[in-house]
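[1] Curious how this folds, go ahead:
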Amino acid sequence: MLDNAIQEAARLASSLRSIDQSASHSAEAVRDTLQSSPDDDALLACAATLEAVNDALPAGTLAGLIRIRLTRLQGIVNALIDTDTTPPAA
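    Just a heads-up that it's a prediction; the model follows:
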């Protein structure tokens, strides 16, 4: 699942280059974080970054298509957060 997230983050960064360089850099930062075996805090930071990217996207057809990719990546990151949660000690 982590490999899928890394691949989606790279695709998202590439797609964002034509719309917003800052958002593209944010997506690259998410990709870099995912490549470094992230812990829960890093995954939460990725989720927050992706939400900020989503909020900054303009209206329009191209941005709408990018939102589809962004939503897919957000789902993967959220699944990683959910699966990485360790149960409390008994």
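[2] Output the longest helix belonging to this structure.
    Identified as the longest helix of the chain according to DSSP state H is helix 61-84.
[3] Report the buried residues of it.
    Buried positions in helix 61-84, judged by neighbour count with 16 or more other Cβ atoms under 10 Å: 63, 66, 69-70, 73-74, 76-77, 80-81. Glycine gets a C-beta too; all of them are placed from N, C-alpha and C.
[4] Residues in contact with the least confident helix or strand in the chain by mean pLDDT: which ones?
    Least confident helix or strand of the chain, by mean pLDDT, DSSP states H and E, is helix 61-84 with a mean of 93. By Cβ atoms under 8 Å, 6 or more residues apart in numbering, the residues outside helix 61-84 that reach it are 1-2, 4-5, 8-9, 11-12, 15-16, 18-19, 30, 34, 38-40, 43-44, 46-47, 50-51, 53-54, 57.
[5] how does it look with 7 Å?
    1-2, 4-5, 8-9, 11-12, 15-16, 19, 40, 43-44, 46-47, 50, 53-54, 57 (Cβ atoms under 7 Å, 6 or more residues apart in numbering).
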